[in-house]
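K.L.:
Sequence and predicted structure, then a few things I'm wondering about:
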Amino acid sequence: MAHTHPRALLPGEASAADPTRAVTLGVMGGGQLGRMFVHAAQALGFRTAVLDPDATSPAGLVSHVHVPTAYLAADGLARLADAADAITTEFENVPAEALRRLAERRPVAPSGNAVAVCQDRAAEKAHFTASGVPCAPYALIETAAQLDGVPDALLPGILKTARLGYDGKGQVRVADRAALVAAWAELGRVPCVLEQRLALAAELSVIVARGADGTVVHFPPQGNLHRDGILAVTTVPAPDVSPAQAAEATACAGRIAASLGYVGVLCVEFFVLADGALVANEMAPRPHNSGHYSIDACDTSQFELQVRTVAGLPLVAPRLHSPCVMLNLLGDLWFDEAGRERTPDWAGVLALPGTHLHLYGKTEARRGRKMGHLTVTAASAEAARATALRAAERLGIAAF
């Protein structure tokens, strides 16, 4: 049976499980999302523990405890449960079974069952529909017969692996049936979802936090620009999104969380269609890249809300105090046009007003790898955008 909090876990108090140490919050995964969760937990006075197989993981390097084992290793899970009073996850591809096992000993938020839905595109889309939230027309392809039976109306489309896809990986655009057959073979004939390609006007995301008592708070919708399947720019407030669209997206995200019985931070990505309608694209059972701006532009960040949900602390509605633009900093910036390694012009960027640089402590820069982000805050959306464009130019990021 899953454990729940008898009461809130308070920063600095002695652990009920081990009175010789202070309350400790654990996280499965040691990437940059885990690192920012650890920073938020430590700022509130909690100890932290991280399970990640990488001995130099960004979160593991800054945590009180690092358990360097595989995610399903029985000894590692036992060590994390011994070290932590409550546990969360920092990325959706942590095995749901690992979270279920941890929940036999400690409160876990979000639950393994909720994460399992987010790990499977078919289950995810079925959940959207069950929550009364529209998504793109799609078909599940697990067999050759299902491939043959795909309706013509779904082409042209995008073929996506049902599991383990992120940042544009495991996705192939297909124009016709021949391309679809070739793409399924290219993806290894694993279970896939074919989505109809829609005419998009914009992309946005909504981040909500839901407590065990059903309280839901949310950030304002974020306007997102993707390049090569990877988030490049987030703008808040989202430009060209009407108050009605913002309200609808926020309500949809709240319904999705409630119908999952979700506890934690959840991001739902939406497409805005050419006619103004909204369709849900996918969801992430954790803080999201598009919400990193909240550290500098809001009075409560998405990571503090993650800490509050896992510790059972009260949730407060976050307030955007500054319009902002966030730029993702990929490993490409560490190489010049000839492919030689270089250090980006951080001094030039930090000379600009309202710039907030976050580097994730990764030991090696690689093209397409998320190395950090830059948030630009200003008194107006126009000023934030203007400064962000100047920063992008100094870093060699294409204008937007």
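P.N.:
All right, it came through fine.
K.L.:
domain parsing for the protein?
P.N.:
Structural domains assigned to the chain are 24-108, 137-196, 200-395, following automatic domain parsing.
K.L.:
In a markdown table: those domains, plus mean neighbour count.
P.N.:
For the C-beta atoms, the positions are set from N, CA and C on the backbone; glycine is no exception. Conversion of these to a markdown table gives the following (neighbours: other Cβ atoms under 10 Å):
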| stretch | mean neighbour count |
| --- | --- |
| domain 24-108 | 22 |
| domain 137-196 | 16 |
| domain 200-395 | 19 |
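K.L.:
weakest of those domains by average pLDDT?
P.N.:
The minimum mean pLDDT among these belongs to domain 137-196 (a mean of 90).
K.L.:
To Ala116, which of the domains of the chain lies closest?
P.N.:
Ranking the domains of the chain by distance to Ala116, with Cβ to Cβ as the measure, places domain 24-108 first at 3.9 Å.
K.L.:
End to end on the closest one, go ahead and measure it.
P.N.:
The straight-line separation of the ends of domain 24-108 (Cα to Cα, to the nearest Å) is 13 Å.
K.L.:
repeat for stretch 320-332
P.N.:
Stretch 320-332 has an end-to-end distance of 31 Å (Cα to Cα).
K.L.:
What of stretch 302-320?
P.N.:
For stretch 302-320, by Cα to Cα, the gap between its terminal residues amounts to 12 Å.
K.L.:
cool, stretch 194-208 as well?
P.N.:
End-to-end distance of stretch 194-208 (Cα to Cα): 28 Å.
K.L.:
hang on, Ala201 in a helix?
P.N.:
No - the assignment for Ala201 (DSSP: H, G, I helix; E, B strand; the rest coil) gives strand, which keeps it out of a helix.
K.L.:
Strands along the stretch 251-400 of the chain, start to end?
P.N.:
Defined through DSSP state E, counting those that start in this stretch, the strands belonging to the stretch 251-400 of the chain, from first to last, are 264-273, 278-284, 324-330, 355-359, 370-377.
K.L.:
quick one: the last one to strand 324-330, angle?
P.N.:
Per axes from the mean of the first three to the mean of the last three Cα atoms, to 10 degrees, the angle that strand 370-377 makes with strand 324-330 is 160 degrees.
K.L.:
Who are the packing partners of strand 370-377?
P.N.:
Judged by 3 or more Cβ pairs under 8 Å, 6 or more residues apart in numbering; DSSP states H and E, strand 370-377 is in contact with helix 294-297, strand 324-330, strand 355-359, helix 381-395.
K.L.:
How about the fourth one?
P.N.:
Counting contacts by 3+ Cβ pairs under 8 Å, 6+ apart, the secondary-structure elements packed against strand 355-359 are helix 294-297, helix 346-350, strand 370-377.
K.L.:
could the ones you listed go into CSV alongside distance to Arg105?
P.N.:
Shown next, in CSV, are the helices and strands packed on strand 355-359 (distance: least, Cβ to Cβ, whole Å):
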stretch, distance to Arg105
helix 294-297, 31
helix 346-350, 43
strand 370-377, 32
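K.L.:
ok, longest helix in the chain?
P.N.:
Looking only at the chain and at elements set by DSSP state H, the helix with the highest residue count is helix 243-260.
K.L.:
Residues contacting that helix, please?
P.N.:
If you take Cβ atoms under 8 Å, 6 or more residues apart in numbering as the criterion, helix 243-260 is touched by 114, 117, 127-128, 130-133, 204, 206-208, 210, 214, 216, 218, 220-221, 238, 241, 262, 266, 268, 270, 272, 276, 278, 280, 283.
K.L.:
all helices for the protein, in order.
P.N.:
With helices called from DSSP H, the chain shows them at 32-43, 74-83, 96-103, 112-119, 121-130, 144-148, 177-186, 243-260, 294-297, 302-311, 346-350, 381-395.
K.L.:
Tell me who's in contact with Leu155.
P.N.:
Applying Cβ under 8 Å, 6+ apart, one finds that Leu155 lies in contact with 174-177, 180, 196.
K.L.:
Need the phi and psi values for it.
P.N.:
In terms of degrees, to the nearest 10, the main-chain angles of Leu155 are phi -110, psi 140.
K.L.:
likewise Ser131?
P.N.:
Ser131 has phi and psi values of phi -90, psi 0 when expressed as degrees, to the nearest 10.
K.L.:
before we move on, the earlier item: could the helices and strands packed on strand 370-377 go into a markdown table alongside distance to Val233?
P.N.:
Formatted as a markdown table, the helices and strands packed on strand 370-377 follow (distance: least, Cβ to Cβ, whole Å):
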| stretch | distance to Val233 |
| --- | --- |
| helix 294-297 | 14 |
| strand 324-330 | 6 |
| strand 355-359 | 15 |
| helix 381-395 | 8 |
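K.L.:
Okay, the spatially most central residue of the chain and Ser259: tell me how far apart.
P.N.:
For the chain, the residue whose C-alpha lies nearest the mean C-alpha position (Cα atoms, centre = their mean) is His288; its distance is 2.6 Å. When Cβ to Cβ, to the nearest Å is the yardstick, His288 and Ser259 sit 19 Å from each other.
K.L.:
With that, I have no additional questions.
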